[in-house]
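Colleague: coords below, sequence missing:
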């Protein structure tokens, strides 16, 4: 049976040799079904996001959007998010229902891109001849690429006493045999196509004294270097 079968019908029959007639109107119900919905989206933080979900059915179905992260529900075919924030990146589910059959559902994934933010930086004491680790963790979408620099502005490279291990959200400097040349200031530089962030940390011998003057000088020198590097990075992009 289809929608074209809907309409008035007449039933005729004999009862005690008398003709009888009954009139009925056939209503054809059709389960709610989603026929068009937004594709998965990748947007930059601060952009406006507009999602749509179109459905058909008889009787006319209702359409609801479900926010999985916070459990909120929104009525209507359209879901608009103004100036989306990174914490709003998630899956949104469209639910359509008209009571004829179980609801029809489909999901849209929204990815929010943002520049790196370094979240885990600390100075580390180290003993000569021992192992040590410096950690740099950065949250970013797309995932950040990492680089390390020494206080003399040279890029850090792996050798037989030092290894760089890059993971999805962090980079590690692994010192397998600490020597005098390893002590000093290290700067982690995290970048993606939206921007960059950097942070510095010390690998130091326990008990070593670092004067205020030396620290201030190193800070000012490093600031000039990173401003120059950041400008260079932006120009490249």
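Modeller: Perfect, I can see it now. What you see is a predicted model, and the numbers here were worked out from it, not measured in a lab.

Colleague: any idea of the pLDDT on the closest residue to residue 168 other than its chain neighbours?
Modeller: Leaving aside its sequence neighbours, residue 168 sits nearest to residue 143 (Cβ to Cβ, 6 or more residues apart in numbering; 6.0 Å). Bear in mind the C-beta positions are built from the backbone N, C-alpha and C, glycine included. Predicted confidence (pLDDT) for residue 143: 96.

Colleague: Please tell me I have it right and residue 143 contacts residue 169.
Modeller: Yes - contact criterion Cβ atoms under 8 Å: residue 143 and residue 169 qualify, at 7.1 Å.

Colleague: thinking again about what came up before, how near is the residue nearest to residue 168 to residue 160?
Modeller: Going from residue 143 to residue 160 by Cβ to Cβ, to the nearest Å gives 29 Å.

Colleague: So between these two, which is more surrounded?
Modeller: Under the neighbour definition other Cβ atoms under 10 Å, residue 143 and residue 160 were set side by side, and residue 143 has more, 15 against 7.

Colleague: tell me which element that one is part of?
Modeller: Under the criterion DSSP states H and E, no helix or strand holds residue 143.

Colleague: Check residue 130 too.
Modeller: Using DSSP H and E, residue 130 maps to neither a helix nor a strand.

Colleague: Count the neighbours of it for me.
Modeller: Using other Cβ under 10 Å: residue 130 sits among 11 other residues.

Colleague: Check what pLDDT it gets.
Modeller: Per-residue pLDDT puts residue 130 at 94.

Colleague: So that it lines up with my notes, have the first residue be 251 from now on.
Modeller: Okay, using 251 as the starting number, the last item reads as residue 380.

Colleague: how near is it to residue 409?
Modeller: Separation of residue 380 from residue 409 (Cβ to Cβ) stands at 17 Å.

Colleague: what's the answer for residue 401, then?
Modeller: On the measure of Cβ to Cβ, residue 401 and residue 409 end up 17 Å apart.

Colleague: Comparing these two, which shows the higher neighbour count?
Modeller: residue 401 (16 against 8).

Colleague: And the pLDDT for the more buried one?
Modeller: On the pLDDT scale, residue 401 is placed at 83.
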